[in-house]
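A.B. asks: what's the 3D shape of this:
(chains A and B)
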Amino acid sequence: MSRTTALRPFAARKRPGRGLIVGLVIIGLVILLRAFAPEAPADTLADTVRDFVTLSISVVIESLPFVFLGIVLSIVVQIWLPEGFLLRRLPKNPAARRVVLSLLGMLLPVCECGNVPLARGLIAKGLTVGESMTFLFAAPILNPVTIITTQQAFGWDSGILVWRIAGGFLIANLIGYIYSRHPKPESLLTPRFQDACALGDHHDAADGKIKRSAGLFTKETSAMLPALFIGAGLAGLIQTAVSREVLVTLGSSPVWSVLALMALAFVVSICSNVDAFFILSFGATFMPGAIVAFLVFGPMIDIKMLALLRTTFTAKTLVQLTLIVALCSAALGLAINYAV
Amino acid sequence: MPFRRLLRRWQGALLSIVGIVATVWLGVNGQLGLYIHPRYFVFTMVMALIAAALVVAAFALVTAAEDEHEILDDGGRWAWLWSAGSILIIVSATVGLLVLPPATLTTATVAKRDLNGSTSDLTQSEADSLVGGDYSTFTVRDWSSLLRQGAGEDFFADKTATVTGFVTPDTSDPENVFFVARFVVSCCAVDAQPVGIPVYYPGWQDEYPTDSWVSIESGFETNPSISSEEAIVLVPSTITPTEQPAQPYVY
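C.D. replies: Model prediction:
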């Protein structure tokens, strides 16, 4: 398929205030639509369809504030912080840079959905693709909220928290290292995101920061939200189609328990900040290695996350990343099951 | 082309408006609990309001001059497919979030998620700490945890449960036994796990439809059912139909 990219001359400027009126009218219409919508549950829908809608909406309502937070942080990094404020402070040595980046989540405790827009902002400001991956995969695990909730759920003694932190750190740095060796790292990005990064260098400095922030908000929401809604729909669909009971019956096998909980993590797409509470109740059924595999694999790769990552990385890259993370998580889980 | 460009630029703002209005509406009407854990209520509302301010700023400030820097990807002859997909996402989001009424999960999900499986209980230590507590405040989750962790008939002999939940059949004896059930949520409805207390009430289907909400005050007894797998059940003399509570899940 041919692809053309061009800078198109603008024809006419919008009159001041006209856009605001259009926006307020649209918001008013949406509020009216909601006000006149029925309040009673729709009995005409089959239970399975109703639950599909409820589950999908649940993913959207839960994830949307984190995506907004990530976009706001991305705007701060790209527009409001002084040029090079973050990147200038990173070590020059590539390995040390990745180590520091994998700890950036300690300062910016956003869950995985919010990290995607933030990582896009960091790439646009000059972070390499491999470094952005290290940040993306480490930050959901190596952040204070996740560490505290995991500690509350499992304590220190079980070792699960330590394995989770160590596993997340090592896998994220391994991926960063692997992709830092790529001869053409820009080819790992979608063409559209490459273009957006290229244009990022041509920001009209004459525009005020507020106006540029508003422009970046429209661009980032246009990239992220369709992906979020698709991911939410897929997560809802698979949840209504796949019985969770099947997975639970596999809990006592050292091998199958690891694979089952990784599959569960992929399907459930739960936020890394609270996944420890969710998996806690599986503790009696599943082996510790399976719990660790769930807690390491889930924050990095799940249905919703893949949909969000697809805004930035090519499908081939995402297949590779999924395989690497899955193999490493499974190896970690199996090692714990057999060695501990 | 202009329509496509408009759609590409503003689809995020439109989806934001749909999400923000749905979120704020649920929050104002006390219905956020249908989808997410209460610990997220404040954060969700605050971010919705911040995003609303950004959406309004975008409509007010982002001008056609931005198109000077706009990327145009003609997408070849499949360009219409991209537009159709965008419209489908916006329409689906609008229908799902704004037109269809808010709803809880149903028995269809109970069947998928192992009612009272080990995945939905309190931990052993949490269940142990329940013993000797104020039984009048126990939730469906508390009682179901004690039942599953084998508190024994002697323990339940003098106890009375006062619980509210939805009706879902016991698959091992659907004619005579149903569960008064709730979903336990740790993050959002996606991770909901069903818990329930078995109730022996032959012919319950004639009076209480599956998924309807009921309140029960009853003591525990040995299950008279022959085929049911539940050992101890509630045997109420009366069951009161009730409205779905504002927070239908337990935490």
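A.B. asks: point out where the chain drops to low pLDDT.
C.D. replies: I went with chain A, as the question did not name one. For chain A, the stretches flagged by pLDDT under 70 are A:1-16, A:41-43, A:109, A:199-207, A:244-248, A:251, A:281-285.
A.B. asks: I was after chain B.
C.D. replies: Low-confidence segments of chain B, defined by pLDDT under 70: B:1, B:64-77, B:117-133.
A.B. asks: remind me, longest helix of it?
C.D. replies: As assigned by DSSP state H, the longest helix anywhere in chain B is helix B:2-28.
A.B. asks: list the helices and strands the helix or strand following that helix packs on?
C.D. replies: Towards the C-terminus, the helix or strand next in line after helix B:2-28, according to DSSP states H and E, is helix B:41-61. Under the contact criterion of 3 or more C-beta pairs under 8 Å, 6 or more residues apart in numbering or on different chains; DSSP states H and E, helix B:41-61 touches helix A:18-35, helix A:47-75, helix A:209-241, helix B:2-28. Every C-beta, even on glycine, is put in place using the N, C-alpha and C of the backbone.
A.B. asks: right, so these: which one is the most enclosed?
C.D. replies: The highest mean neighbour count among the helices and strands packed on helix B:41-61, using mean count of other C-beta atoms under 10 Å in any protein chain shown, belongs to helix A:47-75: a mean of 24.
A.B. asks: check contacts around the residue nearest to A:Val340 when sequence neighbours are not counted.
C.D. replies: Take A:Val340 and drop its neighbours on the chain: the residue closest to it by C-beta to C-beta, 6 or more residues apart in numbering or on different chains is A:Pro288, 6.4 Å away. Neighbour list for A:Pro288: A:Ser158, A:Gly159, A:Ile160, A:Ile336, A:Asn337, A:Val340 [criterion: C-beta atoms under 8 Å, 6 or more residues apart in numbering or on different chains].
A.B. asks: try it again with 7 Å
C.D. replies: A:Pro288 sits next to A:Ser158, A:Ile160, A:Ile336, A:Asn337, A:Val340 when contact means C-beta atoms under 7 Å, 6 or more residues apart in numbering or on different chains.
A.B. asks: of the residues you listed, just say which sits nearest to chain B.
C.D. replies: Looking at these and their distance to chain B, the nearest is A:Ser158, at 12.1 Å (C-beta to the nearest C-beta).
A.B. asks: can you classify the closest one as helix, strand or coil?
C.D. replies: coil (DSSP: H, G, I helix; E, B strand; the rest coil).
A.B. asks: tell me how far the closest residue to it other than its chain neighbours lies from chain B.
C.D. replies: Leaving aside its sequence neighbours, A:Ser158 sits nearest to A:Pro288 (C-beta to C-beta, 6+ apart; 6.8 Å). If you measure A:Pro288 against chain B using C-beta to the nearest C-beta, to the nearest Å, the figure is 15 Å.
A.B. asks: just to revisit the earlier point, out of the contacts of A:Pro288, which are buried?
C.D. replies: Buried members of these, scored by 16 or more other C-beta atoms under 10 Å in any protein chain shown, are A:Ile160, A:Ile336, A:Asn337.
A.B. asks: now these as a markdown table including distance to A:Ile27?
C.D. replies: Shown next, in a markdown table, are these (distance: C-beta to C-beta, whole Å):
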| residue | distance to A:Ile27 |
| --- | --- |
| A:Ile160 | 46 |
| A:Ile336 | 51 |
| A:Asn337 | 53 |
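A.B. asks: can you list the residues you listed in JSON lines and add distance to chain B?
C.D. replies: Output for these, formatted as JSON lines (distance: C-beta to the nearest C-beta, whole Å):
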{"residue": "A:Ile160", "distance to chain B": "14"}
{"residue": "A:Ile336", "distance to chain B": "20"}
{"residue": "A:Asn337", "distance to chain B": "18"}
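A.B. asks: no more questions from me, cheers.
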